[in-house]
Each structure stands twice: as structure tokens, then as C-alpha cells.
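S.K.: Okay, sequence plus prediction incoming.
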Amino acid sequence: MKLISLAPFLVGLAYGNPVVLKRANGLPTNCVYVNNIAFGALPSDGEPGQSPQYSMAQLNSALGAKICGYGWYSQVSSSNYDGSQLTAVMSDVVSSGAVFQPAVMPTLPLGDFTASTASQVASVLEKFTSQGVEVWLRFGHEMNYYLSVGTYSGTAAQFVNAWKLMAAAVAGNDKIKMWWSPNNVGNNVGSVAQYWPGAEYVDLVGVDCYPSGSISSSTFGSCYQSFYSTYSAAYNIPFAIGETGYCGSSGADDWLSAIMNPPSGYPNYIAASWFEYSKECDFRIIESGNLAETQQILLHGATSSGGGGSGTGSGYPADTCTWG
């Protein structure tokens with residue numbers, strides 16, 4: 001990191017060097033893009049009562065093309081973290097060539113998340129980056145939802161403190177990006193302001209949205225426009241959808257088309273990842289009867305009836321409900 005990039009932000013020295021300012025890069029070029037938006041997936045982890053575990057190799061084979069992003073979940077339930085949920089899929093992540101997008105969930109009391117804990121998380125992620133993997137760390141994702149239901153415990157201030165500790169722990173690794181990703185807020189974007197750590201600690205922003213009902217030309221904007229304007233456009237931070245999906249097969253193709261063929265006005269939008277699970281509801285679009293339509297949208301530039309814009313197929317990039 002160049003020293004000049006730190007000059008405006010030499011604050012928070014209690015965290016060592018917390019400033020990230022690396023911004024998103026490292027997306028592979030030989031994977032699925034539509035309109036310069038990289039397509040990613042969160043493969044089912046095979047928990048009892050839901051879809052079986054899928055490898056990215058399996059999803060790539062079914063789709064007939066490489067998926068750009070690999071989402072996975074891991075919980076930090078105590079001050080000691082070994083990252084076994086992540087390292088269990090390391091071989092598949094490395095061989096996929098995708099950007100690894102781990103959602104690391106601090107389920108221990110947020111006040112107990114220390115610099116030591118953050119360092120342990122960083123050490124696990126370095127096992128991936130040392131093998132050339134780009135990591136977009138979706139730390140404490142959907143904090144506005146999970147704090148409200150008790151999955152995370154603590155205050156907004158404690159969340160921000162944990163975030164800054166995590167940012168400091170990975171600041172020296174240019175292959176790890178910090179990805180701030182609340183749950184869907186619609187037009188109530190002010191409700192997540194208390195969890196915002198500051199642009200100097202964030203490399204990407206996104207918001208999780210699972211629409212229901214009919215997909216129309218306005219659905220994309222209803223999910224993302226207010227958040228995008230407030231946190232991506234205002235700070236010129238890349239915008240990426242960490243997870244999304246549509247419950248059931250009817251409408252899934254419309255929503256996939258909508259997120260890959262967005263309306264104009266989102267120049268910072270670079271990637272979107274689909275929740276490839278059957279979990280309480282079937283969100284799958286690859287390991288499902290929707291595969292042919294999915295291939296048309298992702299590989300052949302087709303648009304479904306609910307999508308906006310016109311797809312451009314795969315190519316090189318130009319430079320609510322809670323389920324995960």
C-alpha cells in the first residue's frame with residue numbers, strides 16, 4: 001500500500017494501521033460476465049434438511065462455464081477461531097479460480113471480538129491468498145438483521161469496533177478486501193447508518209435482497225437504489241451483491257435477468273452472487289429444472305420477461321428475507 005494513500009485517513013491509531021483503501025480488484029477474466037457484471041454463487045453446504053453440498057466444480061460443470069465468485073459461511077463462536085468451515089473447501093476454492101467470498105459471522109458476543117480474534121481470522125484467510133486466491137471478506141454480514149434476532153449479540157458501536165479490528169488485521173494483505181453487506185433496507189437506508197464503519201475501512205459495499213412477488217422493471221431499484229446511492233455512489237466504492245435469490249422456480253429467471261441486466265445508473269456495480277440452496281425454499285437455478293433458462297441468461301445474453309437492459313454474454317470486465 002502506498003503511503004500517500006494513507007495521508008487523509010491517519011486516524012484510529014489504536015487499531016495499528018486500520019486503513020484499507022485497496023478497493024475491489026482481482027476478479028478472474030475467464031468466467032461468466034453479463035454486462036460486465038461478474039456472476040457468483042453460494043453453493044449449498046449440505047446441512048441436514050436442505051439441498052446436498054455442491055462443489056463449485058459441480059456447479060461449473062452443470063452450467064457449462066466458470067463461475068466468478070465463491071460464497072461460503074463460517075461462524076466465529078469464540079475468541080479462538082480455526083476456520084475449519086473455510087479450509088474444508090479450500091481445494092475446491094483454489095481449483096475454481098473464483099474470488100472467495102466468505103461470510104464470516106461473529107456469533108460470539110461482539111465485545112469479545114478482539115484484535116487477537118481478528119488476527120486468527122486473517123491467518124485463515126492468508127491460507128487462501130498464499131495460493132493466489134482473491135478474498136472478499138463479507139464480515140458480519142446482515143448485521144442489522146442478525147443483531148435484531150440475537151444471532152449476533154452486542155451494540156452497533158461494538159460491531160463497528162469489531163469491523164475496524166478486522167480491517168486492521170487484513171490491511172497489509174492486498175488480496176483481502178473488506179465487504180460491508182447489510183440486509184435489505186429498501187428505502188429505509190438510514191437504518192444501517194449506525195453500522196457504517198467509514199469509507200476508509202471498506203473496499204466493497206453491497207446489500208442482501210430476496211424479493212418476493214412478481215419481478216418488474218422497478219424491482220432492482222427497490223432493492224438496491226437507495227443503498228447504492230448512499231454508500232457506493234457517494235463514496236465511489238464498488239458495489240457487489242453478496243447474496244440474492246428468488247423463492248421457487250417461477251420468477252427466478254426474471255430476477256436473475258434483472259440483476260445481470262440492471263437499469264442504467266449503477267456504474268460501480270461489478271458482481272452478484274446467487275444463493276444456490278434449497279433451504280426452507282428452493283432458490284436453486286443451476287442444480288434445478290431452471291438450468292436451461294439460467295444458461296440462456298448467463299451464457300447467451302438472453303433476457304427474461306422481468307429483466308431490464310440487454311445482456312452481452314460472458315466476457316472481460318471493463319476495469320426481506322434472510323437465508324444465509
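M.R.: Structure's in. What do you need?
S.K.: Spatially central residue for this structure, please.
M.R.: Gly242 (2.4 Å; CA atoms, centre = their mean).
S.K.: Which helix or strand contains that one?
M.R.: Secondary structure assigned from DSSP states H and E places Gly242 in strand 239-244.
S.K.: Can you give the contact residues for that strand?
M.R.: Residues outside strand 239-244 that contact it (CB atoms under 8 Å, 6 or more residues apart in numbering): 24, 42, 71, 101, 103, 136, 138, 141, 179, 181, 204-210, 223-224, 228, 231-232, 255, 259, 266, 268-275, 323-324. For the C-beta atoms, the positions are set from N, CA and C on the backbone; glycine is no exception.
S.K.: Stretch 47-67 too?
M.R.: Stretch 47-67 has contacts (CB under 8 Å, 6+ apart) with 28, 30-32, 39-41, 43-46, 70, 89, 92-93, 95-98, 276-280, 282, 284, 286-287, 291, 294-295, 298-299, 314.
S.K.: Which PyMOL command selects the buried ones in those?
M.R.: Of the contacts of stretch 47-67, the buried ones can be selected in PyMOL as follows, counting by 16 or more other CB atoms under 10 Å:
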select buried, resi 28+31+32+39+40+41+43+44+45+70+89+92+93+96+97+98+276+277+278+279+282+284+286+287+294+295+298+299+314
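S.K.: Just the contacts of stretch 47-67: which are in helices?
M.R.: Counting by DSSP state H, the part of the contacts of stretch 47-67 found in helices is Asp92, Val93, Ser95, Ser96, Leu291, Thr294, Gln295, Leu298, Leu299.
S.K.: ok, for the fourth one, nearest residue in space, not its chain neighbours?
M.R.: Counting by CB to CB, 6 or more residues apart in numbering, Ser96 lies nearest to Met56, which is 4.1 Å off, once chain neighbours are set aside.
S.K.: give me the number of residues near that neighbour?
M.R.: Met56 is flanked by 24 other residues according to other CB atoms under 10 Å.
S.K.: circling back: tell me which of the contacts of strand 239-244 fall in helices.
M.R.: Residues of the contacts of strand 239-244 located in helices (DSSP H): Cys223, Tyr224, Trp255, Ile259.
S.K.: and the residue nearest to the first one when sequence neighbours are not counted, how far is that from Ala98?
M.R.: Translated: Cys223. Ranked by CB to CB, 6+ apart and with sequence neighbours excluded, the top spatial neighbour of Cys223 is Cys209, at 3.7 Å. Relative to Ala98, Cys209 is positioned 22 Å away (CB to CB, to the nearest Å).
S.K.: Using TSV, lay out the ones in helices among the contacts of stretch 47-67 together with distance to Gly198.
M.R.: Supplementary listing: the ones in helices among the contacts of stretch 47-67 in TSV, determined by distance: CB to CB, whole Å:
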residue	distance to Gly198
Asp92	34
Val93	30
Ser95	36
Ser96	33
Leu291	42
Thr294	38
Gln295	41
Leu298	35
Leu299	39
